[in-house]
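**Q** Sequence first, predicted model second:
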Amino acid sequence: MLNLLKTIRDAIASWWSEFTLQTKLLAVATMVVSLVMSGLTFWAVNTIQQDARMNDTRFGRDLGLLLAANVAPLIADNNLTEVAKFSQRFYSSTSSVRYMLYADENGEIFFGIPFWEAEVENSLTIKRRIQLPEDYPGDGEKPMVRQHTTPDGIVTDVFIPLIVNKKYLGVLAIGINPNQTAIISTNFTRDVTIAVFITIWVMVILAGVINALTITKPIKELLVGVKQIATGNFKQRINLPLGGELGELILSFNEMAERLERYEEQNIEELTAEKAKLETLVSTIADGAVLIDNNMQVILVNPTAKRIFGWEAANVVGCNVLHHLPASVQIEITRPLYEMAAGECESAEFRIFINQPTPRTIRILLTTVLNSQRESIKGIAITIQDITREVELNDAKSQFISNVSHELRTPLFNIKTYIETLHDYGEDLALQERQEFLQTVNHETDRLTRLVNDVLDLSKLESGRNYSFDGVDLAQAIEQTLRTYQLNAKDKGVELVQEVAPNLPLVLGNYDLLVQVFGNLIGNALKFTKAGGKVAIRAYQLDFKPSHTESAPVRIEISDTGIGIATEDQHSIFERFFRVENRVHTLEGTGLGLSIVRNIIDRHRSKVHLVSEVGIGTTFWFDLAAFEEKAPLIQVEPIAEASKITTA
């Protein structure tokens with residue numbers, strides 16, 4: 001039994017918990033209203049009943065007094081026959097009297113309607129006595145009224161003393177039936193109240209059921225659908241066969257969800273396309289790019305940044321960027337990154353040298369990424385620029401300017417010194433001394449002119465100027481160069497040797513530039529070859545072919561039996577202003593000749609090589625492509641920034 005009660009209680013609690021707060025409040029309000037109405041109704045019924053009882057009491061008392069006044073003289077004369085007749089007529093004439101009892105002074109009933117003594121004695125053979133109330137005054141003159149409940153209603157009992165000439169003869173007890181009209185009205189009111197109460201709760205229960213079936217369920221479905229839409233699930237649909245306004249609402253909801261789904265798909269396609277464009281753009285820029293959020297997690301990284309930091313084999317997206325940066329970079333940018341994430345600064349710039357994965361100098365730019373309203377920080381963009389070549393060029397530029405300044409200062413100082421001496425002491429100097437001074441000034445002027453010409457030539461070559469390339473006859477270029485240096489070689493006692501293979505094909509090149517190469521190399525060879533030595537220039541076609549469609553290249557060699565170049569100097573011989581005479585203390589030069597040679601040969605898409613041994617001699621050699629009729633006549637190509645020197 002206890003388990004059953006517990007089960008019922010749990011079921012009711014579960015059923016009640018499923019109702020919304022509004023439904024619960026509605027149920028409580030209905031209960032309060034129904035109870036108030038029922039209370040008012042029962043109060044009205046009770047008031048009616050009290051009025052009815054009071055009316056019955058007055059009626060019974062008045063009727064009793066009237067009857068007692070008529071029968072008391074008859075009882076005093078012991079004329080019971082007339083008493084019986086009068087009482088019978090009176091009883092028959094009204095339905096309000098329920099019973100009439102006459103008792104003597106001892107309380108024994110001697111007559112009663114609807115029964116009398118003879119019938120009682122015959123049927124029951126007992127004496128009947130009237131049981132008077134304890135508070136009955138006895139021989140008092142005022143009647144006593146009381147009420148008792150019967151199955152037919154409340155009966156009013158009236159006890160009237162029978163007094164004649166102040167002599168107490170007995171008591172008359174009359175029972176007055178309740179007012180039927182009042183009873184019917186009271187019962188009707190009670191029944192209506194109960195019916196109203198039951199009707200209200202039946203209506204409430206039916207309303208709750210209808211609400212649950214037709215209103216609450218669709219609303220719950222709509223609530224679930226709206227929550228799903230709010231979470232981004234635009235595939236949510238509601239399938240309820242309802243009509244009317246709820247049906248239109250559900251139909252409108254489904255249409256809204258369908259439109260949102262299409263809009264989302266369209267936005268996703270657009271966002272995907274924009275993301276692809278952005279990733280393509282970021283991946284193609286020359287600078288490295290890394291995008292991180294406020295928690296230092298990597299969102300996007302392009303291939304350049306991966307190459308600079310050596311992240312090709314690592315998946316850094318979603319990881320903390322500080323855990324994967326080189327140590328030198330991490331030390332520099334950790335604090336600024338957190339300051340920018342906190343909104344303390346908007347940008348920062350750093351120049352850092354890293355050793356891994358390859359030694360290089362980088363410039364890092366940090367920039368905050370703001371939202372469209374520029375109110376909050378969404379992330380930080382890290383731009384990485386490889387400025388290694390820029391640093392090298394700046395250093396080379398500074399070194400070049402320093403070297404040029406140094407080289408220009410010496411001849412200018414010598415020229416100024418001798419000219420000032422001639423200006424101040426010209427008349428005091430001998431003619432021979434003045435001629436020597438002027439000869440020195442002329443020599444320094446020539447030296448200055450050569451330096452300026454070499455600098456201009458090198459500047460032209462490195463400026464990206466276009467040169468016309470065509471078929472060049474190497475025999476003619478070599479012959480012209482040797483004629484130029486023939487007299488110089490004869491004065492120094494050095495033999496010039498020309499070894500050009502017969503039927504040599506034309507080469508693809510620029511005639512003037514090649515003549516300049518030959519002149520610089522032969523001039524250097526004569527400068528560092530002692531008397532009795534030999535300088536040879538050779539040109540011949542190689543046996544191998546680069547491809548089936550191209551002819552074999554032509555090799556040019558310039559050899560001398562001069563002082564040679566030490567092994568430690570061979571890797572620097574082509575640098576600007578590097579001069580062997582700085583080490584061997586021999587003839588002077590600008591230090592730009594071999595740098596010009598390297599740049600010209602680079603223009604011809606070739607490399608210049610050397611083989612040298614101190615005290616034995618040096619050989620420079622390079623290859624030139626054979627001229628083809630289909631070869632382009634104009635070559636536009638920037639000079640290679642650096643070339644390696646290979647030695648055989």
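**A** The structure has been received and is ready for your questions.

**Q** Nearest the geometric middle of this protein, what residue?
**A** Nearest residue to the geometric centre of the chain (Cα atoms, centre = their mean): Lys378, 8.7 Å.

**Q** and it, that one's in a strand?
**A** Yes - counting by DSSP: H, G, I helix; E, B strand; the rest coil, Lys378 is located in a strand.

**Q** That one and Ser372: what is the separation?
**A** Going from Lys378 to Ser372 by Cβ to Cβ, to the nearest Å gives 10 Å. C-beta coordinates here come from the backbone N, C-alpha and C atoms, glycine included.

**Q** now Ser468
**A** 56 Å.

**Q** In terms of neighbours, single out the busier of those two.
**A** Set side by side, Ser468 and Ser372 show more neighbours around Ser468, with 10 against 6, by other Cβ atoms under 10 Å.

**Q** Quick check: pLDDT value at that one.
**A** Each residue has a pLDDT score; the one for Ser468 is 79.

**Q** Would you check that it makes contact with Asn510?
**A** Yes - using Cβ atoms under 8 Å, Ser468 makes contact with Asn510 at a distance of 6.5 Å.

**Q** Helix or strand next in line after the helix or strand encompassing Glu248, which one?
**A** Using DSSP states H and E, Glu248 sits within helix 244-284. Toward the C-terminus, helix 244-284 is succeeded by strand 288-292 as the next helix or strand (DSSP H and E).

**Q** how near is Ile556 to Glu613?
**A** Applying Cβ to Cβ to Ile556 and Glu613 gives a distance of 21 Å.

**Q** In terms of neighbours, single out the busier of the two.
**A** Taking other Cβ under 10 Å, Ile556 and Glu613 do not tie; Ile556 has more neighbours (25 against 12).

**Q** correct me, but the more buried one touches Thr619?
**A** No - Ile556 lies out of contact with Thr619 (Cβ under 8 Å); the separation is 10.9 Å.

**Q** Quick check: closest non-adjacent residue to Asn165.
**A** Leaving out its chain neighbours, the residue that sits closest to Asn165 by Cβ to Cβ, 6 or more residues apart in numbering is Ala76, at 7.6 Å.

**Q** So what's the residue count around that neighbour?
**A** Using other Cβ under 10 Å, the number of residues around Ala76 comes to 14.

**Q** all strands for the stretch 501-648 of the chain, in order.
**A** Per DSSP state E, counting those that start in this stretch, the stretch 501-648 of the chain carries strands over the ranges 507-509, 534-541, 554-560, 609-613, 617-624, 634-635.

**Q** The fifth one to strand 534-541, inter-axis angle?
**A** Inter-element angle recorded for strand 617-624 and strand 534-541: 20 degrees (by axes from the mean of the first three to the mean of the last three Cα atoms, to 10 degrees).

**Q** Could you check the angle strand 617-624 makes with strand 609-613?
**A** On the basis of the same axes, to 10 degrees, strand 617-624 is oriented at 170 degrees to strand 609-613.

**Q** Name the strands paired with strand 617-624 and say parallel or antiparallel.
**A** Looking at strand 617-624 with DSSP bridges, its partner strands are strand 554-560 (antiparallel), strand 609-613 (antiparallel).

**Q** among those, which is the most enclosed?
**A** Ranked by mean neighbour count under mean count of other Cβ atoms under 10 Å, those are led by strand 554-560, which reaches a mean of 22.

**Q** For that one, C-alpha coordinates in CSV please.
**A** As requested, the backbone C-alpha atoms of strand 554-560 are provided in CSV (Å, rounded to 0.1, in the frame of the first residue of the first chain):
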residue,chain,number,x,y,z
VAL,A,554,84.3,27.5,-76.6
ARG,A,555,86.9,27.7,-73.8
ILE,A,556,89.2,30.7,-73.4
GLU,A,557,92.3,30.5,-71.2
ILE,A,558,94.8,33.2,-70.2
SER,A,559,97.9,31.8,-68.6
ASP,A,560,101.1,33.5,-67.2
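
**Q** average pLDDT for that strand?
**A** On average, strand 554-560 scores 92.

**Q** returning to that earlier point: nearest to Pro178, of the strands of the stretch 501-648 of the chain?
**A** With Cβ to Cβ as the criterion, Pro178 lies closest to strand 634-635 of the strands of the stretch 501-648 of the chain, at 136.5 Å.

**Q** and the residue nearest to Asn165, what is it in contact with?
**A** Ala76 makes contact with 164-165, 167, 169, according to Cβ atoms under 8 Å, 6 or more residues apart in numbering.

**Q** Can you read off the pLDDT for it?
**A** Looking at Ala76, its pLDDT stands at 82.

**Q** Now Leu542: phi and psi?
**A** Main-chain dihedrals, Leu542, degrees, to the nearest 10: phi -80, psi 170.

**Q** Return the distance of the closest residue to it other than its chain neighbours relative to Ile596.
**A** Excluding its sequence neighbours, the residue lying closest to Leu542 (Cβ to Cβ, 6+ apart) is Ala552, at 4.9 Å. As defined by Cβ to Cβ, Ala552 lies at a distance of 27 Å from Ile596.

**Q** same deal with Pro505?
**A** In terms of Cβ to Cβ, Pro505 sits 26 Å off from Ile596.
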